[in-house]
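Structure here, sequence nowhere to be found:
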């Protein structure tokens, strides 16, 4: 099981606006830790990994990984559309509107976006 995922950010307040626009609806609660953001699964026992947004430890600028993406599972298509819209309103950039991607499976409904730092994310559901 994956324990945690970390993405870098140079602008923590912008990252907080972005991630707080949709992660709480997916069961994450926010904790601030030494100026960084920790989104912790609210359920017991946790079924998802912790998600951290941090300034790079080495002091260099954060950068998005080419080919790196984190996916969050939504409960259904309407929730996915709502969360995608909320993330865009909170400073995200669209990388692929909500819709089916039959190349993956007949029920794979997904939207792609980038956070304010450029990290790529997916919101998906397989709930028809």
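Yep, it's here. All values derive from a computational prediction rather than experimental measurement.

longest helix of this structure?
When the chain is scanned for its longest helix (criterion: DSSP state H), the result is helix 77-89.

Name the next helix or strand downstream of that helix, please.
The helix or strand immediately downstream of helix 77-89 is strand 93-100, counting by DSSP states H and E.

what about the helices in this protein?
Counting by DSSP H, residue ranges of the helices within the chain are 12-20, 77-89.

tell me which residues of the longest one are tucked away?
When burial is assessed from 16 or more other Cβ atoms under 10 Å, helix 77-89 yields the following buried residues: 77, 79, 80, 81, 82, 83, 84, 85, 87, 88. Glycine gets a C-beta too; all of them are placed from N, C-alpha and C.

Return the residues in contact with the closest residue to the fifth one other than its chain neighbours.
Nearest non-adjacent residue to residue 82, counting by Cβ to Cβ, 6 or more residues apart in numbering: residue 25, 7.8 Å away. Contact partners of residue 25, counting by Cβ atoms under 8 Å, 6 or more residues apart in numbering, are 79, 82, 83, 86.

pLDDT below threshold where in this structure?
When the per-residue scores of the chain are filtered using pLDDT under 70, the ranges that remain are 1.

any idea how far residue 66 lies from residue 56?
17 Å (Cβ to Cβ, to the nearest Å).

of these two, who's got more company?
More crowded of residue 66 and residue 56, by other Cβ atoms under 10 Å: residue 56, with 13 against 6.

Next, the contact list for the nearest residue to the more buried one once chain neighbours are set aside, please.
For residue 56, the nearest residue in space outside its immediate sequence neighbours is residue 8; the separation is 4.9 Å by Cβ to Cβ, 6+ apart. When contacts are counted by Cβ under 8 Å, 6+ apart, residue 8 touches 53, 54, 55, 56, 62, 63, 117, 119.
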